[in-house]
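1. Below is the sequence, then the predicted model.
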Amino acid sequence: MKRAIFPGSFDPITLGHVDIINRAMDLFDEIVIAIGINNDKKYLFSLEQRLQFIKDTFATNKKVKVQTYEGLTINYCKEIDADYILRGLRNPADFEFEKAIAQTNRNLSGIETVFLLTSANTAFISSSIVRDVYRHNGDISSLVPDSVTKFTLE
Ligand code: ADP
């Protein structure tokens with residue numbers, strides 16, 4: 001079974017993440033979206049909310065699972081028997097940052113990171129910009145899946 005994990009904060013999940021997951025679907029038997037818990041980081045949406053947004057978005061997709069984890073991503077990969085880490089690349093800054101992490105992870109564990117290039121129509125989307133727009137009462141509906149939009153309109 002080819003299992004990949006897609007690690008991140010997902011604060012909140014965006015259409016950029018959804019695009020990467022949908023396009024990776026044919027490459028793997030299972031994709032575990034893994035929300036990393038970092039106690040030093042402040043999040044806008046609670047862990048429960050971030051989990052629920054992802055569960056709702058992929059409710060009908062049997063290949064996609066959602067989990068949370070603490071600690072090193074490679075340790076979590078070993079725990080759930082995932083051989084691949086999936087990451088999205090938007091720009092050279094993402095590439096430079098991701099390169100060092102991927103090389104370290106492979107050096108420490110042999111786990112390969114698979115990168116997919118963002119689609120042109122979602123390349124500009126980031127969770128941090130979504131949070132800014134949301135904080136200032138802007139319309140985020142074109143940037144996030146419906147589960148997030150619905151929650152923010154309640
Ligand atoms: P992190 O806290 O690790 O940056 P994020 O939740 O922001 O986590 O992102 C998780 C992954 O999704 C990263 O690989 C990131 O590059 C990718 N990603 C984020 N936004 C997009 C996008 N618009 N297009 C493609 N990949 C994206």
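-> Structure received.

2. In CSV, list the C-alpha atoms belonging to the helix or strand harbouring S128.
-> In this structure, S128 sits in helix 127-135 according to DSSP states H and E. Extracted in CSV, the C-alpha atoms of helix 127-135 (Å, rounded to 0.1, in the frame of the first residue of the first chain):
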residue,chain,number,x,y,z
SER,A,127,-3.3,30.2,4.8
SER,A,128,-1.7,33.3,6.2
ILE,A,129,-3.3,35.6,3.6
VAL,A,130,-6.7,33.8,4.1
ARG,A,131,-6.3,34.6,7.9
ASP,A,132,-5.6,38.2,7.2
VAL,A,133,-8.6,38.6,4.9
TYR,A,134,-10.8,36.8,7.4
ARG,A,135,-9.7,38.9,10.3
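
3. give me every residue that touches T152.
-> 134, 140 (Cβ atoms under 8 Å, 6 or more residues apart in numbering). From N, CA and C alone the C-beta is placed, and that goes for glycine too.

4. how far away is it from G8?
-> Distance of T152 to G8, computed by Cβ to Cβ, to the nearest Å: 19 Å.

5. Check R106 too.
-> Computed as Cβ to Cβ, the R106 to G8 distance reads 19 Å.

6. N22 - how many residues pack around it?
-> 15 (other Cβ atoms under 10 Å).

7. outside of stretch 62-78, which residues touch it?
-> For stretch 62-78, contacts defined as Cβ under 8 Å, 6+ apart pick out 5, 7, 21, 25, 28-37, 47, 51, 54-55, 58, 79-80, 82-83, 85, 105, 108-109, 111.
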